[in-house]
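1. Next one to model:
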Amino acid sequence: MNATLRSLARLGLVAAATGTVLFGTTACSLASVPADSVEQQIVSKLGAQGVSLDNGKADCATDLDATVGASQTCEFHSGGQPVGAVVTVTAVDGDTVSFDITTEPRPVPKALLQGTVGSLVAQNAGVPIDTTTCDGDLAPTTGQAVGCRVTSGEDSIDVRATVTEIQGGLVNFDVEQV
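-> Residues are numbered from 1 along each chain as shown. Alright, predicted model coming up:
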């Protein structure tokens, strides 16, 4: 086996992510806030918090009901990772609807996990990686893990991606050889 790949047992690889905080925002409407207005507010407010939204967009399936307590979950991607944006109406005053936006973690999809793990191993081991195969999605819960096999040429190693923390809806994880 390649000596560089064997040395991965001593490496702690981390996938980086950014976080967000809870905040309030305002949009105008009588019965509902149009989905595109909610999406624009998500992009604006999360962007102001330093969150990178892939393609600068969020997606809300429907308009937001202008009723205190009404809630919906929209979605955006950051670094390819899906993140939920939970929008909850906190006040309605005439044509002004106030709502909070919080982030909600989503599983790291298997395809994204394989690409990230393969890239991290290649970068830290200094060898090209031919294939990376993971057992499934990585659940967004601290301590959850998924096994992966990384192959370079004829050499393969087994690694484990383990969730270390959730920050602003993004899943951070370490990768270590098993």
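
2. which ones are touching the nearest residue to T88 once chain neighbours are set aside?
-> Closest residue to T88 apart from its sequence neighbours, by Cβ to Cβ, 6 or more residues apart in numbering: S71 at 4.3 Å. Where you see a C-beta, it was placed from the backbone N, CA and C, and this is true even at glycine. S71 is in contact with 86-89, counting by Cβ atoms under 8 Å, 6 or more residues apart in numbering.

3. how about low-confidence regions in this protein?
-> Applying pLDDT under 70 to the chain flags the ranges 1-30.

4. All the helices of it, residue numbers only.
-> 3-6, 35-48, 110-125 (DSSP state H).

5. which one of those helices lies closest to F173?
-> Closest to F173 of these, according to Cβ to Cβ: helix 110-125, at 8.4 Å.

6. Which elements pack onto the closest one?
-> Here helix 110-125 touches helix 3-6, strand 13-14, strand 131-134, strand 145-152, strand 155-167, strand 170-177, going by 3 or more Cβ pairs under 8 Å, 6 or more residues apart in numbering; DSSP states H and E.

7. Next, the angle from it to strand 155-167.
-> 110 degrees (axes from the mean of the first three to the mean of the last three Cα atoms, to 10 degrees).

8. Buried ones in helix 110-125, by neighbour count?
-> Within helix 110-125, the residues scored as buried using 16 or more other Cβ atoms under 10 Å are 110, 112-114, 116-118, 120-122, 125.

9. ok, so of those residues, who is nearest P140?
-> Distances from P140 to those, taken by Cβ to Cβ, are shortest for L113, at 11.8 Å.

10. Please list all residues in contact with the closest one.
-> L113 sits next to 134, 137-138, 146, 148, 161 when contact means Cβ under 8 Å, 6+ apart.

11. need the helices of the chain in a markdown table with distance to T142, can you?
-> Formatted as a markdown table, the helices of the chain follow (distance: least, Cβ to Cβ, whole Å):
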| stretch | distance to T142 |
| --- | --- |
| helix 3-6 | 28 |
| helix 35-48 | 22 |
| helix 110-125 | 16 |
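
12. can you redo the contacts of L113 as CSV with neighbour count?
-> Listed next are the contacts of L113 as CSV, based on neighbours: other Cβ atoms under 10 Å:
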residue, neighbour count
C134, 25
D137, 16
L138, 26
V146, 22
C148, 25
A161, 26
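
13. now the closest residue in space to G56 that isn't next to it in sequence: how far from N55?
-> If the residues on either side of it in the chain are set aside, G56 comes closest to V43, at 6.0 Å by Cβ to Cβ, 6+ apart. As judged by Cβ to Cβ, to the nearest Å, V43 and N55 stand 10 Å apart.

14. Of these two, which one has the most company?
-> For V43 versus N55, neighbours defined as other Cβ atoms under 10 Å are more numerous around V43 (18 against 8).
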